[in-house]
Every structure is written in C-alpha cells, then in structure tokens.
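*Asks:* model the following, please.
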Amino acid sequence: MTLQSKNQSQNFFAPGKRAKVGINAINRKSAWIFLAPLFILLFIFLVLPMINSVRLSFSRWGGLGPFEPAGLENYKYLFSDAQMRYSVLITVVYAFAVAFLVVALGALLAAAISSGIRGHKLLKVIWFFPGIAPPTAVAIFWSGAFQPEFGAINVIFGKVGLNSGNAWLASSTTVLYPAIFVAVWAGVGFAFLVLLGAVEQIPVSVREAAVVDGANVYQQFTKITLPLIRPVLATIFTLQVIWAFNGFTLLWALTNGGPADSTAILPILAYKEAFRYGRFGNAAAMAVVAGVFLLMVGYIGLRKSRSSQDL
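*Replies:* Below is the predicted model:
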C-alpha cells in the first residue's frame, strides 16, 4: 500500500468526507411524496369531520339548511338533562365492567393455555372464535338465548333448579347483566390472544425457579405472570374501555338501547338525538364530550402502560 492510498484510507471517515447514510434529503423528500396521499386522506376523512362536529356542537341543525349558532346551549342541555346523566353513568359502568372482565378472563385463559393443559391447541381456536364473529350476529344469537320461555339460558336455569322465567332483555333491572355478558363473550378472544403472546414471552427459567421455591399455581399467576405482563394488561384494558364505550353495534342489535333507554349508552343516545329527534347539535355535543373523555382514558392508559414497563 502506498503512502497516498494509506492517507486516503485514514481520511475516509474524516469530517467532510464521511459517507452519508440513513435519511438524507432525497430520501426524506421521497418519503413525504409517498406519505402525502395518506395525510390528505386522514385530513379529509378524520380531521375535517372532527372540526365539523365541534362546529356543529355549538349550533342548531335539523338535518337540512345552514347551521344556526347556539353558543353553549347544547352543552347546557346535556349537563342539565337527567337522561344524559343516566346515560353517562350506564356507559361508564358498562365500559369499565366489560374491560375488567375481558382482561381478567383473558389473562386466566392465557395462563391456562400457556401451562400446556390437555387440548390447548383446540382451545386456542374455540376461545378465539367469538372475537371474529360479527357483532350483529353475536347479538342476534344471544338475544335468542336470553328469551324468557324457550331461550337456552332459562332452559339451563330450569335444569339446575333456578328461576327459568327471567325476561332478561325486557326488564330494565336485569338487561345490563346480559349486555355485559355478551360484550365480554365477544371481546375476550382478542384479549386472550394478545395476552397469550405476552405470557409465552416469560422466560421458562423464571417459572422453573418459582416451582423450585415451592410456589403453587396461584402464586405463580399472581406473583410472576401478572406483574410481568402488566404493560400488556394496561394496554388491553384501555383498548377495551374505548371499544366498549363506543360499542354501538352490539348493544343496538341486542337491546335497541332499551328497555326504557336503560342500555342507551352515549353512542346510542347520540344516534337517537340526531336521527330520531333531529337534534344534531345535541348529538354532536355528546360526541365531543365522549371524545374528550376517551382522550383522557387513552392518555391515562398510555401513562400506566409506560410506568408499568419501567417497573
């Protein structure tokens, strides 16, 4: 090697001669060109409707003609309306109950499958099946199962000596229980699949050490499995709250918001305000309030997930 070539090799990575790697100006420009259609579509179908909904929440509109300014009238109506307060209570109870039960059952099922119980491969498919069924089909199936005379639930209750004449979906005092049950049945498959992946990422050596130390199944689940998958639990819980909060299709097909609006969660109430009573301004205000609440839930869930990862 000559002296000149040696100096060139030594100065190859010197300042001013360093090879440019990573995202340069040309790559950045190409990235923006390819991403521009996506951002345009997001702006048209997401940002503009959000802006229009906020504008509509401060207006009166019956579905035709221009918006009429209403100031804070729609929001004053919402916070003074008894049905609105009841709907908020039902929505929060329904969403958090569904999320808690889905996460709890999903974690138990994932731990059971991960332990290698007999028939675990078949059970993976069976437990995930409700998650791929359309919400309307799920609601129609369970509405028949909860019928007072010939429904499968009352038939089973009669076989075991319990009250078999319950009108589950026709009574405002009992309708929320089957609604939560159906939502959990439909949502547990997704949570189970995600949590199963998290459980199976736990090192086998950790479980073996716990067994050597004399930990039983319950202690392994509460002291090892749950703490190690806590970030995934927080994420799934947050998603389930958001999905149950927006669970219009399932509840509408199951109960139509009744009886007597006892299962009229906020999306159902907003739908009735807009398309049944023609009060689109009130419906838009409900959507804005619900959106702000879900943003708060998502922010808290994200913070909890990150804090759990740092443990």
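
*Asks:* quick check: buried residues in the lengthiest helix in the chain?
*Replies:* Longest helix in the chain by number of residues (criterion: DSSP state H): helix 82-114. Using 16 or more other Cβ atoms under 10 Å as the test for burial, helix 82-114 gives 84, 87-88, 90-92, 94-99, 101-103, 105-107, 109-114. For glycine as for every other residue, the C-beta is placed from the backbone atoms N, C-alpha and C.

*Asks:* that helix packs against which elements?
*Replies:* Applying 3 or more Cβ pairs under 8 Å, 6 or more residues apart in numbering; DSSP states H and E, we find helix 82-114 packed against helix 73-80, helix 120-132, helix 176-199, helix 230-245, helix 266-275.

*Asks:* how about TSV for those helices, with mean neighbour count and distance to Asn154 added?
*Replies:* What follows is the helices and strands packed on helix 82-114, written out as TSV (neighbours: other Cβ atoms under 10 Å; distance: least, Cβ to Cβ, whole Å):
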stretch	mean neighbour count	distance to Asn154
helix 73-80	16	38
helix 120-132	13	21
helix 176-199	22	11
helix 230-245	21	26
helix 266-275	21	26
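
*Asks:* worst mean pLDDT among those helices?
*Replies:* Of all the helices and strands packed on helix 82-114, helix 120-132 carries the lowest average pLDDT, namely a mean of 77.

*Asks:* quick one: average pLDDT of the longest helix of the chain?
*Replies:* On average, helix 82-114 scores 92.

*Asks:* that one to helix 120-132, inter-axis angle?
*Replies:* If you take axes from the mean of the first three to the mean of the last three Cα atoms, to 10 degrees, helix 82-114 sits at 160 degrees to helix 120-132.

*Asks:* and the angle for helix 82-114 with helix 266-275?
*Replies:* Using the same axes, to 10 degrees: helix 82-114 against helix 266-275 is 140 degrees.

*Asks:* surely Ala284 is in contact with Met50?
*Replies:* No: between Ala284 and Met50 there is no contact under Cβ atoms under 8 Å: 10.5 Å.

*Asks:* which one of these two has more residues nearby?
*Replies:* The neighbour count for Ala284 versus Met50, taken as other Cβ atoms under 10 Å, is higher for Ala284 (23 against 12).

*Asks:* for that one, what are its contacts?
*Replies:* Ser53, Val54, Leu56, Ser57, Ser59, Asn74, Ala274 (Cβ atoms under 8 Å, 6 or more residues apart in numbering).

*Asks:* tell me how far it lies from Val88.
*Replies:* 16 Å (Cβ to Cβ, to the nearest Å).

*Asks:* grab the CA positions of the helix or strand harbouring Leu48 and hand them over as CSV.
*Replies:* In this structure, Leu48 sits in helix 48-57 according to DSSP states H and E. C-alpha atoms of helix 48-57 as CSV (Å, rounded to 0.1, in the frame of the first residue of the first chain):
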residue,chain,number,x,y,z
LEU,A,48,-62.4,17.7,8.8
PRO,A,49,-65.3,15.6,10.3
MET,A,50,-63.9,16.3,13.8
ILE,A,51,-63.8,20.0,13.1
ASN,A,52,-67.3,20.0,11.6
SER,A,53,-68.6,18.0,14.7
VAL,A,54,-67.1,20.6,17.1
ARG,A,55,-68.7,23.4,15.0
LEU,A,56,-72.0,21.6,14.9
SER,A,57,-71.9,21.1,18.7
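
*Asks:* which residues touch it?
*Replies:* For helix 48-57, using Cβ under 8 Å, 6+ apart, the contacting residues are Phe67, Asn74, Tyr75, Phe280, Gly281, Ala284, Ala285, Ala287, Val288, Gly291.

*Asks:* ok now stretch 77-87, how far from the chain's centre?
*Replies:* 25 Å (Cα atoms, centre = their mean, to the nearest Å).

*Asks:* let me fix that: stretch 104-119
*Replies:* Using Cα atoms, centre = their mean, the offset of stretch 104-119 from its chain centre is 21 Å.
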